[in-house]
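> sequence and predicted structure are below.
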Amino acid sequence: MKKLLLVALCIPLFIGCKKEAPAEPAATTTPDAASAPVEIADAKYTEIGKNAIAAMTKGDVDGWIANYADNAKYYWNAGDSLVGKPAIDKYWRDRRANVIDSISFKNDIWIPVKINKPQSVEKPGIWLMGWYQVTAKYKKGKSMTQWMHILYHFDANDKIDEVNQFLDRAPINAAMAKP
C-alpha cells in the first residue's frame, strides 16, 4: 500500500518534469548597417576631434582649422554663427591671439556616429559628438571652467562642414568683464 501511495504521488512529479522538445529557434536577422537609423562610425573621427582640441590648446589655429571644409558653418547654441572657413579661421585666430591667454580641455568623451536615416532635422552622414571640460584664462586675467558639448558633421571628403557648439555664455562674459 505504501508503495502504491508513493507511486501515485511521484507520477505527477515526473509528468510535470517531462522535458518538452526544444522549440524551433526563431529566425534571427541582423539588420544591414545601412538600414539601421544610426550606427557607430569609424574611430578616425574621434582622433580628428582629439587632435583639434590639442591644437587649440597649443594655440595652433592652423592645425585646428585644417580639417574644416571651405564651406563650413559654425553655430553656437545662442543662435550666432559663422559661415565659411575663412570667417571661422579669422574669428578663432583673433580670439586665441587677443582674447584667450590659454585654454585647456580635459575629461573629453567622443562618440562618432553615422546617421543613415535622419529621425528629425539632423543631416545624414558622419557626426562626431564631443563633451569636455574647458578651462580658459582670458587676457584680462580672469578664467572660467565649464562643460561644453560639440557636434561636428563631416562631408564626403572627411572635412568638417558643420559645427554646433553648446556652452554657457555667462561664465565667459564674467571672466571677460572689466575688473
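Arrived safely, thanks for sending. Keep in mind the model is a prediction, meaning the values are calculated, not measured.

> in this structure, which helix or strand is least confident?
helix 2-16 (a mean of 39; mean pLDDT, DSSP states H and E).

> what are the pairing partners of the helix or strand following that helix, and which direction each?
Downstream of helix 2-16, the next assigned helix or strand under DSSP states H and E is strand 38-40. Sheet pairing of strand 38-40 (DSSP bridges) gives strand 100-115 (antiparallel).

> in the partner strand, what counts as buried?
100, 103, 105, 108, 110, 112-115 (16 or more other CB atoms under 10 Å). No exception for glycine: its C-beta is placed from N, CA and C like everyone else's.

> what does stretch 44-54 give?
45-46, 48-50, 52-53.

> who's in contact with the closest residue to Asp42 other than its chain neighbours?
In space, Asp42 comes closest to Pro112 once its chain neighbours are excluded; the distance is 6.4 Å by CB to CB, 6 or more residues apart in numbering. Neighbour list for Pro112: 40-46, 126-129 [criterion: CB atoms under 8 Å, 6 or more residues apart in numbering].

> ok, now how distant is Pro112 from Gly59?
26 Å (CB to CB, to the nearest Å).

> what does His149 give?
In terms of CB to CB, His149 sits 23 Å off from Gly59.

> kindly report the same for Ile65.
Ile65 is 12 Å from Gly59, by CB to CB.

> between those two, which one's more packed in?
Ile65 (20 against 16; other CB atoms under 10 Å).

> my guess is the more buried one contacts Ala87, does it?
No - with contact defined as CB atoms under 8 Å, Ile65 does not reach Ala87; the gap is 11.0 Å.

> leaving out chain neighbours, which residue sits closest to Pro124?
Nearest non-adjacent residue to Pro124, counting by CB to CB, 6+ apart: Ile115, 4.9 Å away.

> Ala174 against Met144, yeah?
Yes - Ala174 is within contact range of Met144, at 6.8 Å (criterion: CB under 8 Å).

> okay, these two: which has more neighbours?
Between Ala174 and Met144, counting by other CB under 10 Å, Met144 is the more crowded of the two (17 against 10).

> which strand or helix spans the more buried one?
Going by DSSP H and E, Met144 is in strand 143-154.

> now that strand: buried residues?
144, 148, 150-154.

> swap in stretch 119-127?
125-127.

> for stretch 73-80, same thing?
Neighbour-count burial for stretch 73-80 [16+ other CB under 10 Å]: 73-75.

> I'd like those as TSV, with pLDDT appended.
TSV is the format used below for the buried residues of stretch 73-80 (pLDDT from 0 to 100):
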residue	pLDDT
Lys73	98
Tyr74	98
Tyr75	98
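
> as TSV, the residues you listed with secondary structure and distance to Ser35 would be great.
Formatted as TSV, these follow (DSSP: H, G, I helix; E, B strand; the rest coil; distance: CB to CB, whole Å):
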residue	secondary structure	distance to Ser35
Lys73	strand	29
Tyr74	strand	32
Tyr75	strand	30
